[in-house]
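J.: I need the structure of the sequence given here:
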Amino acid sequence: MYTNITILFIIAIVLGFYFLFISPKLTLVNSVKHDTALHNHLQTIYLGAEYDPRSCTKLKQHIQTFFIQNGKTYEIYGTDKCEAMNLSSLRREQDQIMKYARRIPFRLPNDGHLQRDIENAIDNLEKIIQNYVYDAASRHGQRIY
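T.: Numbers count the residues shown, from 1 in each chain. Sure, this is the predicted structure:
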């Protein structure tokens, strides 16, 4: 039926496929899932959902889109134009995230502690998102300033 060489060849192909395509995406999912700083800052920002529900909803949508675009940067195949397009869409989503996040403190009531906490969380969220963009750019050998 099948020889040992054929079975070893099929196993080698399956392992190669796993390490080239599946493993990087699992790494991304695990890094996002276990990023406690990201989750803590997002929870703090979402405290403003009571006062600005539209911006919080849009923020959630753009964060999801950002991580989908970030997952696409793990794909190895593609041309330089596709890689640049993925990075530009990643930067565009980063701008949209920060646009909606920066709107939230303006809708808060006159509560200095809540405003300070949310503004600090937004600043830290910007740094975290920027690190994801730098990581995606460095995977493709590009520099972002």
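J.: biggest helix in this structure by residues?
T.: Taking residue count as the measure and DSSP state H as the definition, the longest helix of the chain comes out as helix 112-139.
J.: for it, buried residues please.
T.: In terms of neighbour count (16 or more other C-beta atoms under 10 Å), helix 112-139 has its buried residues at 114-115, 117-119, 121-122, 124-126, 129, 132-133, 136-137. Glycine gets a C-beta too; all of them are placed from N, C-alpha and C.
J.: against which helices or strands is it packed?
T.: Taking 3 or more C-beta pairs under 8 Å, 6 or more residues apart in numbering; DSSP states H and E as contact, the helices and strands that helix 112-139 lies on are helix 36-45, helix 53-72, helix 80-103.
J.: if we go by neighbour counts, what in the first one is buried?
T.: Residues of helix 36-45 classed as buried: 38, 41-42, 44-45 (neighbour count, 16+ other C-beta under 10 Å).
J.: out of these, which comes closest to residue 53?
T.: If you rank those by distance to residue 53 using C-beta to C-beta, residue 45 comes first, at 12.7 Å.
J.: circling back: work out the gap between the longest helix of the chain and the centre of the chain.
T.: Centroid displacement of helix 112-139 relative to its chain, using C-alpha atoms, centre = their mean, to the nearest Å, is 11 Å.
J.: got phi/psi on residue 34?
T.: Backbone torsions for residue 34, taken as degrees, to the nearest 10, come to phi -100, psi 10.
J.: please apply the same query to residue 142.
T.: On the backbone of residue 142 - angles per degrees, to the nearest 10 - the values are phi -110, psi 150.
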